[in-house]
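Q: test case, fold it:
(2 chains)
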Amino acid sequence: MKKLAFISLALLALCSFTITGYNVGDKATDFKLKNVDGKMVSLADYKDAKGYIVVFTCNHCPFAKAYEDRIIGLNTKYASKGYPVIAISSNDPSQVDEDSYANMQQRAKAKNYAFPYLFDESQSIAKSYGATRTPHVFVLEKSGNDYTVKYIGAIDDNSDDATAVKEKYVENAVDNLLAGKPVNPSSTKAIGCGIKWKS
Amino acid sequence: MAPTFKKTFILLTILPVLLIGNKVNIVNFEQLQTYAAHKTNDTLYVVNFWATWCDPCVKELPAFQEVYKKYSSKKVKMIYVSMNSAKELNKVEDFANTHKMEPLVLLLNGGNPNDWIDKVDSSWSGAIPATIMYKSGKKVYFREGDFTSASLDKIIQSKIK
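A: As a prediction, this is how the structure comes out:
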């Protein structure tokens, strides 16, 4: 009986682990996802990267839209320093047509994205990472083939007004990583659109 | 008063209400807490975080309205807390009136969400819709995600017992 209780507890722990995704300090999985140019993209493709700014985002969400230019700004500022932006849309397009692959291609073109905008069609990467909303950022530090999660959360503290931002969380995280310092805060929360999961 | 005059008078009195409808108050997080979390009576307060542009939120609204109607004789109060920008107050008021959102709609202008999301519930990632219920000053339920009227009904039924 005790054994049974232990097994069910262990199973429960396992389940909750898979649901919650990564915590800061966990090793993140690499992926192979289709970019808007039709080519497959993986983290391992970036031989010279020191890390990555992985942004779960999408076309339709007003919060994601409010952050579009700021995401472009992050790539402009940090790609050359070894931290490129990797944008991923995991939304089910059958629920929101604006998030279809064709519409992702259009958006990337219209906004002149200099970073990949990947389609996580099976939604497995969003699930592995524990992304729940858009935008939802995971800053990873690369060491060999290991990708360690160093920051999870919001881009900054003001979705509504980029000029009124006080805390640039992602910039702060990457600046600290580049300087070899600990990231603080290493996780934050923001309001966002829930990722549209397939039913 | 002459009958026609009386009619005009009544019309003039109710016309502004018809035109303006219900006002949506902008609140900060501490103010929001006084509407439900800090109420110590035995009413079940159902606080729904939503936005006019959030499709799943709009889709689940009829479920909340149906359940609210069903429990109208019970102590159940819906509070719809909009996550729209405060700049969109008019849009929220229009939406609330068109969709007859009752009894209360608020717009939360809470500053940095990182400061208050965990205070609502530490398991909330910040995605909407999300719904929290309070009774007698205590949190009795939280869920990130949407409801059907059957699933909402079941929860509310278990909480008003």
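Q: remind me which residues of the chain are low pLDDT?
A: You didn't pick a chain, so chain A it is. Regions of chain A meeting the criterion pLDDT under 70 cover residues A:1-19.
Q: try again with chain B
A: Regions of chain B meeting the criterion pLDDT under 70 cover residues B:1-21.
Q: give the buried residues for stretch A:96-116.
A: Within stretch A:96-116, the residues scored as buried using 16 or more other C-beta atoms under 10 Å in any protein chain shown are A:96, A:99, A:100, A:103, A:104, A:105, A:107, A:108, A:113, A:115, A:116. The C-beta positions use only the backbone N, C-alpha and C, and glycine is treated the same way.
Q: whoops, stretch B:44-58 was the one
A: Buried residues in stretch B:44-58, counted by 16+ other C-beta under 10 Å: B:44-57.
Q: mind checking which of those are in helices?
A: When the buried residues of stretch B:44-58 are checked against helices (DSSP state H), the matches are B:55, B:56, B:57.
Q: filter the residues you listed down to the ones near chain A?
A: B:55, B:56 (C-beta under 8 Å from any C-beta of the partner chain).
Q: adding secondary structure and distance to chain B, write the buried residues of stretch A:96-116 out as a markdown table.
A: As requested, the buried residues of stretch A:96-116 are exported to a markdown table (DSSP: H, G, I helix; E, B strand; the rest coil; distance: C-beta to the nearest C-beta, whole Å):
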| residue | secondary structure | distance to chain B |
| --- | --- | --- |
| A:96 | coil | 7 |
| A:99 | helix | 11 |
| A:100 | coil | 15 |
| A:103 | helix | 15 |
| A:104 | helix | 18 |
| A:105 | helix | 22 |
| A:107 | helix | 17 |
| A:108 | helix | 22 |
| A:113 | coil | 23 |
| A:115 | coil | 24 |
| A:116 | coil | 24 |
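Q: the buried residues of stretch B:44-58: which two are farthest apart?
A: The two members of these with the most space between them (C-beta to C-beta) are B:44 and B:53, at 28.0 Å.
Q: quick revisit: pick the one among the buried residues of stretch B:44-58 closest to chain A.
A: Within the set of the buried residues of stretch B:44-58, residue B:53 lies nearest chain A; the separation is 5.0 Å, counting by C-beta to the nearest C-beta.
Q: please list the residues of chain B that sit near chain A.
A: Taking C-beta under 8 Å from any C-beta as the criterion, the neighbours of chain A within chain B are B:49, B:51, B:53-56, B:83, B:85-87, B:112-114, B:117-118, B:124-129, B:144-145.
Q: could you pull out the strands for chain A?
A: A:33-35, A:40-41, A:51-56, A:85-89, A:117-119, A:133-134, A:136-143, A:146-153, A:192-194 (DSSP state E).
Q: now do the fifth one: everything it contacts.
A: Just to be clear, that refers to strand A:117-119. Residues external to strand A:117-119 that are found in contact with it (C-beta atoms under 8 Å, 6 or more residues apart in numbering or on different chains): A:31, A:33-36, A:41, A:86-89, A:101, A:104, A:107-108.
Q: list buried members of these by neighbour count.
A: A:31, A:33-36, A:41, A:86-89, A:104, A:107-108.
Q: and the helices in chain B?
A: Using DSSP H, the helices of chain B run over B:3-20, B:29-35, B:55-70, B:89-98, B:117-120, B:149-160.
Q: relative to helix B:55-70, how tilted is the fourth one?
A: This means helix B:89-98. What separates the directions of helix B:89-98 and helix B:55-70 is an angle of 40 degrees, with axes from the mean of the first three to the mean of the last three C-alpha atoms, to 10 degrees.
Q: give me the nearest residue to the most centrally placed residue in chain B, chain neighbours excluded.
A: Using C-alpha atoms, centre = their mean, the residue of chain B that lies closest to the mean C-alpha position is residue B:80, 1.8 Å off. Distances taken as C-beta to C-beta, 6 or more residues apart in numbering or on different chains put residue B:105 closest to residue B:80, at 4.6 Å, once the chain neighbours are dropped.
Q: around chain B, which positions in chain A sit nearby?
A: Residues of chain A lying near chain B by C-beta under 8 Å from any C-beta: A:62, A:95-96, A:132-133, A:136, A:153-154, A:157-160, A:166-167, A:185, A:188-196.
Q: list buried residues within those residues.
A: With burial judged by 16+ other C-beta under 10 Å, the buried subset of the residues of chain A next to chain B is A:62, A:96, A:132-133, A:136, A:153-154, A:157-159, A:188-196.
Q: give the contact list for the residue nearest in space to the middle of chain A.
A: Computing the C-alpha centroid of chain A and ranking residues by C-alpha atoms, centre = their mean puts residue A:55 first, at 3.1 Å. Each residue near residue A:55 by C-beta under 8 Å, 6+ apart is listed here: A:71, A:74, A:85, A:86, A:87, A:88, A:135, A:136, A:137, A:155.
Q: same thing with residue B:113?
A: With contact set as C-beta under 8 Å, 6+ apart, residue B:113 has these partners: A:154, A:157, A:159, A:189, A:190, A:191, B:126.
Q: isn't the fifth one up against residue A:159?
A: Put plainly, it is residue A:190. Yes - the pair residue A:190 and residue A:159 passes the contact test of C-beta atoms under 8 Å, sitting 6.5 Å apart.
Q: what do the two both touch?
A: Common neighbours of residue A:190 and residue A:159 are listed as A:63, B:113 (criterion: C-beta under 8 Å, 6+ apart).
Q: contact partners for residue B:52?
A: Going by C-beta under 8 Å, 6+ apart, the list of residues near residue B:52 reads B:58, B:82, B:84, B:88, B:91, B:92, B:95.
Q: now do stretch A:173-189: everything it contacts.
A: With C-beta under 8 Å, 6+ apart, stretch A:173-189 has contacts from A:24, A:50-51, A:53, A:74, A:78, A:81-83, A:139, A:141, A:150-154, A:157, A:169, A:172, B:113-114, B:117-118, B:124-126.
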